[in-house]
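Engineer: below is the structure, and that's it, no one-letter string:
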């Protein structure tokens, strides 16, 4: 300890946890599910259920954005995708659904080379607003300065700036780095930014004045970032860390900026654990891609999939086994947690004695495999 | 440490353990199995073997309640199930056994909508008492006030108040929350309550004056609570924590209230580990559902399975491979621990030098996979 | 800490490790394998290779005991098995090899009911001695007083007292507990006792004056004690703990009593890790059962398997793929470590710079899966 | 603590980590990939990409050594292999590729008995130099004194002294131990030595005056050292420990000696994690064996495979699915990280805000399975 010779310095690694490694402990007080409140806010917008549909071409088109908002949640339309590249996106979606596994990545690499059209951005925003729904639009950082004014002018409500990893400080020579704080000044739309996974990264983003943070790098069903790049943090730890940043920012500023766990959520259990870890809402992709109403036509793929030189996502066949309403509210006869997400959340909140999402953040969580390896292998081989 | 700036607060998770993650260490003193005593008490009732059959429709009917008590244990009849809803429960059990996997959840959702009849409760209690057996009856909290007097009047011996999670303080607007302490005052029957999994929750329950606590949320073979809700604590940790609560309550009150590990026990090894973790008895479901005498006719299902909107259990085909007597006392030619549970318990107690269940609580236990992943995968793929 | 209220006491579990969870770190000095010495001693007997064949009917008969000693190791004949129950054991071994999986446990339960004959004990000992080999005979504790004098009189060299768990203090009413210290007084044969797995249990055994300790409960390929009873400690931790007891006993008495890791060793890597964990020799069963010379005829089973009421072992088909000499000394074309055990040990000692077994005890070991789950599953499904 | 009796000493094991157990955390600053620099130096040689082809017969022949250097990396030719034993190595490589699995180990044991010819060493070096490429040649320690002068005279640029485990102090009676410090004096070629895995072993090697250290024992795809010998350290921990040795040596000497993670790297994620763990370059075998240009003709095997008595490697069928250029630079349509390694490295550096390899050493890394067991088993059984 007091040796004159410095000890060698070894890189330290801390343990992280994903959905499968943790479980929620029921509370000492319990509550009837019908007495729970699941409200969630972004800026001045309040949503009665904390569920946001992912800004992915297989998940949200104009119709989905309208429908999920009618049910109490929010859908985010991605203008970096097919919707703003093609006058008739359904034609292109049909092609992707019809392609073989061998040809689909190459096809998508081609499809996503088509330029984004300014007029289509306006059209999509208007269509959503005309239906009376809250309109949230996603852009990538490099396109934000160019498209944000178009979105705002067309009546967009919420701006989502999203890429695999978004930091408050990005260095680039090909375009002047997006200054998020400046963007906050220039638009009236509340801005949600992501994705991020660390305490310090999240805190820096919040200090730019934004209205929400998307949490999650690498965990999605359609994402292979961890295989390709080695990058990613399991969602429970990412959520815990960003929740700590949110609470710290609240202490220093008095402003409560929601965080949204995004990616890798497949079952009711994953969703309930995200809230116990501290999230304010969840963004879900593959479960919604499985609804009959989804634009993906039974397929799901990531937005990093069509990268021309280094694709990092897979098109997955997910089928169309449910409807959006059953997915969110049930009733269901499925016993494995893939339907009635809101019912599951309210029931879990009841078992934890949590009347609100904020109270659910206080639920105890433990490290525990959800089911044993034995059970998993059994289920796999039996097709359960 | 003494920094003026508060450190960020990250949610802390502690490690928990299930049956597969631990093993018992043999003692420095050993004992012949025939010198062990396995007595177990609830209130003034003593049982020569600490085995209780689960309050599930596939496990306990009137006949099973009688038979297991004759063998030294106890069976709990669930009046929230088929037995008190139908004059002729065997007819309904046949239907469930005969349904296909695709239709069974919907069928059960329908079957369990039939109202519970007061007169059938009395009939079931009388039938058990007439045979000279100890009669234990399970009710859900919402029905306790209404049915407890009927059970007591009909001669019931032990009242079990059971639901997925039971806390000493439940908040509800649809019915006035059950006050367990009041219920203890109003009935002469010793009351066993559950399920619970935490030190504080168990201690609160014990302070209401009850006679036993059921331990376990989410681990059962027929239960998918952890997938659907994310809720559940592995049984070894749940048992250790509730045993600490029992010991603490004994220190403060002088009363020894038994705990009963309930759910997920499939093999002799699981049972022996539960006792080493501190339990006073085990409640077993699926192993008894496999006996020729079980009402489930080779099937097993959870009582949360028929939930109308959010079912959390599966009907599992378990077969009818053994008899109750062989299951409990052997002899057996099966080498994987699925028969002769009492023999296994006495042998393990002998290897640990434990003459009584209380002494078995002192056996050392270590964290150790019961068999390697390699071995498990091998067994799975070979159908061993 | 100084609170007036006592903190609740939770049972503590420590982590343990098996072969698959650890790996040896090469040393900062390396050594040519031909400069290593693998000598091992029990009492006054020295063996040039630290390999002992298990006291199991599928592993050691008179011929095997002779042959392995000629190659430098030791074989232990079990007189609690077929060899001392039947005039012509080969006939019985043929029957077991010919039985179907369904009938074999019941057959063995019957075969092992035949009484042990005193004259056959003498015959087996004489046959081994006549061939000039060191004769080691295993007995169970309950039979030791009766058979030890017969073994000694017939010329036995080493007495092995072995059962699943052996403690220095066993309590029994059916026979007066074997007092090991007295037995040490009454015989000139060095006594090896087992099995044990803990520091304190091993130290107590050593203080009785014995000449060796067998280490291992529950890990063998033919053993299901952990499933049936929940009892067992992974071999690396058991070996580390008993090695600490041996070193402690050496400090207090000046006597170096060897420990022998027994059970679960299947590959060269397992063997090398046992020595790095601190063992002085290894006892191997299933690898020898696979040799053409083994009495098991391509099958292997545990001695707890024929237990009349609670069998805890499986007859495994192991085939006859090698010879004893190839198994121990190679050369081999197999790349997965199942042949040339002595070559593997000398090579590993060289990589660790260990000239003797005692120096190998100082090799660094780390916690590390030997191959990834992915690799294991791959190998399983490919039949590698 | 202050007890007069010494506490027993138990061997301590520390936790180690491999590629699958860790993940990289993105940085708080991000950077465009085109602004990253991946330069790497050995002695006075600078390479624009930190990728070295393994000194294995299935990976590097004269043509591969030339081609990879033209693309910015380095190939190491092993003169302990076929190239310096046979005038026409392609003939022998054809034979190995054509052999059945059953006969291949025996065939290789024979093929590698052919003596190494001095004149062939010169020929191979000249051929590489004539093409204008940097020429790196690998020898085993026992052959270094004899062959190093031949290599140098023929114009070799870099000498690689490599065997499974290389220590600065090797004890042997069959040949006088190689003194690495003396060898450094006797040749002008910078010397790279390996393999090693520990802080102390690496530091000792650096103090001999060498120019690089190869890191890794036991992790390669074609290596079964851990099964056969139990020896090996997972690559992330080995890299972290040797990086600490490099930094310590830099502090004490002012000289920056690069370390090179060698073995087990299969995907872009593995490579990126190695750099985050602290490596300066990676040596890759099986991925290059999969290129159409590789000498292995769709097969890959380890150099310990042909060991005459104790082979520790497997010939693996890897196919010829890509080209060297696509492997290193893409573009690719494969989404699982097996192509475009340089693109993956630059992208990961960008997400971590690292402009150079040295800055990438500061990226945060966490303990986290890359994908869940569930996912892995799923992928295995689906053939993804």
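Structural biologist: Arrived safely, thanks for sending. This is a predicted model, so every value here is computed, not measured.
Engineer: and the residue most central in space within chain A, what does it touch?
Structural biologist: Closest to where the C-alpha atoms of chain A average out (CA atoms, centre = their mean) is residue A:262, at 2.6 Å. Shown in contact with residue A:262 (CB atoms under 8 Å, 6 or more residues apart in numbering or on different chains): A:52, A:54, A:194, A:195, A:214, A:215, A:216, A:282, A:283. Just so you know, the C-beta spots here come from the backbone N, C-alpha and C atoms, and that holds for glycine as well.
Engineer: closest to residue C:89 among these?
Structural biologist: Ranked by distance to residue C:89 (CB to CB), the contacts of residue A:262 are led by residue A:216 at 65.7 Å.
Engineer: for the closest one, which non-adjacent residue is closest in space?
Structural biologist: residue A:263 (3.9 Å; CB to CB, 6 or more residues apart in numbering or on different chains).
Engineer: returning to what we had before: so what's the predicted local confidence for the residue nearest to the centre of chain A?
Structural biologist: On pLDDT, residue A:262 comes in at 96.
Engineer: got phi/psi on it?
Structural biologist: Main-chain torsions, residue A:262, degrees, to the nearest 10: phi -130, psi 110.
Engineer: do residue A:65 as well
Structural biologist: Here residue A:65 shows phi and psi, under degrees, to the nearest 10, equal to phi -60, psi -40.
Engineer: which parts of the stretch 101-250 of chain A are helices?
Structural biologist: Listed in chain order, the helices of the stretch 101-250 of chain A (DSSP state H, counting those that start in this stretch) span A:101-111, A:118-130, A:141-153, A:180-186, A:199-206, A:225-229, A:235-253.
Engineer: out of these, which gets nearest to chain B?
Structural biologist: Ranking the helices of the stretch 101-250 of chain A by proximity to chain B (CB to the nearest CB) places helix A:235-253 first, at 4.4 Å.
Engineer: about what we covered before: hmm, the residue nearest to residue A:216 is touching residue A:286, no?
Structural biologist: No: counting by CB atoms under 8 Å, residue A:263 stays clear of residue A:286, with 9.4 Å between them.
Engineer: more neighbours, these two?
Structural biologist: residue A:263 (27 against 24; other CB atoms under 10 Å in any protein chain shown).
Engineer: from chain B, how far out is the more buried one?
Structural biologist: Noted for residue A:263: a distance of 17 Å to chain B, by CB to the nearest CB, to the nearest Å.
Engineer: next: residue A:90.
Structural biologist: Counting by CB to the nearest CB, the gap from residue A:90 to chain B is 33 Å.
Engineer: and that residue, how many neighbours?
Structural biologist: Residue A:90 has 12 nearby residues by other CB under 10 Å.
Engineer: nearest spatial neighbour of it, chain-adjacent residues omitted?
Structural biologist: Residue A:90 sits nearest to residue A:295 (CB to CB, 6+ apart), 7.6 Å away.
Engineer: what about the stretch 151-300 of chain A, any weak spots by pLDDT?
Structural biologist: Applying pLDDT under 70 to the stretch 151-300 of chain A flags residues A:174-177, A:220-223.
Engineer: flag every residue of it that's near chain C.
Structural biologist: By CB under 8 Å from any CB of the partner chain, no residue of the stretch 151-300 of chain A approaches chain C.
Engineer: for the stretch 151-300 of chain A, which residue gets nearest to chain C?
Structural biologist: For the stretch 151-300 of chain A, CB to the nearest CB, closest residue to chain C: residue A:227, 11.5 Å.
Engineer: which of the helices of the stretch 101-250 of chain A sits most buried?
Structural biologist: When neighbours are counted by mean count of other CB atoms under 10 Å in any protein chain shown, the highest per-stretch mean among those falls to helix A:225-229, a mean of 29.
Engineer: what's in contact with that helix?
Structural biologist: Contacts of helix A:225-229 (CB under 8 Å, 6+ apart): A:164, A:217-218, A:231-232, A:304, A:310, A:312, D:23-24, D:267-269, D:272, D:335-337, D:344, D:347-348, D:351, D:370-371.
Engineer: hmm, try it at 6 Å
Structural biologist: A:218, A:231-232, A:312, D:23, D:267-269, D:272, D:336-337, D:344, D:347-348, D:370 (CB atoms under 6 Å, 6 or more residues apart in numbering or on different chains).
Engineer: kindly report the same for stretch A:63-72.
Structural biologist: If you take CB under 6 Å, 6+ apart as the criterion, stretch A:63-72 is touched by A:47, A:48, A:49, A:53, A:75, A:77, A:128, A:131, A:133, A:134, A:324, A:328.
Engineer: now do stretch A:271-278
Structural biologist: A:19, A:22, A:24, A:236, A:239-240, A:243, A:261, A:265, A:282, A:341, A:345, A:348, A:360-361, A:363, A:365, B:229-230.
Engineer: ok, which residues in chain A are in contact with chain B?
Structural biologist: A:23-26, A:28-32, A:199, A:240, A:244, A:248, A:267-269, A:272-273, A:330-331, A:333, A:335-337, A:340, A:343-344, A:347-348, A:351, A:365-368, A:370, A:372, A:374, A:377 (CB under 6 Å from any CB of the partner chain).
Engineer: who in the stretch 151-300 of chain A is up against chain D?
Structural biologist: A:165, A:167, A:169-172, A:198, A:200-201, A:204, A:217, A:224, A:226-234.
Engineer: mind checking which of the contacts of stretch A:271-278 are buried?
Structural biologist: A:19, A:22, A:24, A:236, A:239-240, A:243, A:261, A:265, A:282, A:341, A:345, A:348, A:360-361, A:363, A:365, B:229-230 (16 or more other CB atoms under 10 Å in any protein chain shown).
Engineer: residue A:30 belongs to a helix, doesn't it?
Structural biologist: No: assessed with DSSP: H, G, I helix; E, B strand; the rest coil, residue A:30 is strand; it does not lie in a helix.
Engineer: how far away is it from chain C?
Structural biologist: 22 Å.
Engineer: hmm, that residue is touching residue B:171, no?
Structural biologist: No: Residue A:30 lies out of contact with residue B:171 (CB atoms under 6 Å); the separation is 7.1 Å.
Engineer: the residue nearest to residue A:90 contacts residue A:59, doesn't it?
Structural biologist: No: under the criterion of CB under 6 Å, residue A:295 is not in contact with residue A:59, lying 7.2 Å apart.
Engineer: so those two - more neighbours on which side?
Structural biologist: residue A:59 (31 against 24).
Engineer: list the contacts for the more buried one?
Structural biologist: Residues in contact with residue A:59 (CB under 6 Å, 6+ apart) are A:53, A:285, A:288, A:289.
Engineer: that one and chain D: what is the separation?
Structural biologist: 19 Å.
Engineer: what of residue A:82?
Structural biologist: 19 Å.
Engineer: again with residue A:88
Structural biologist: 26 Å.
Engineer: fine by me, thanks again.
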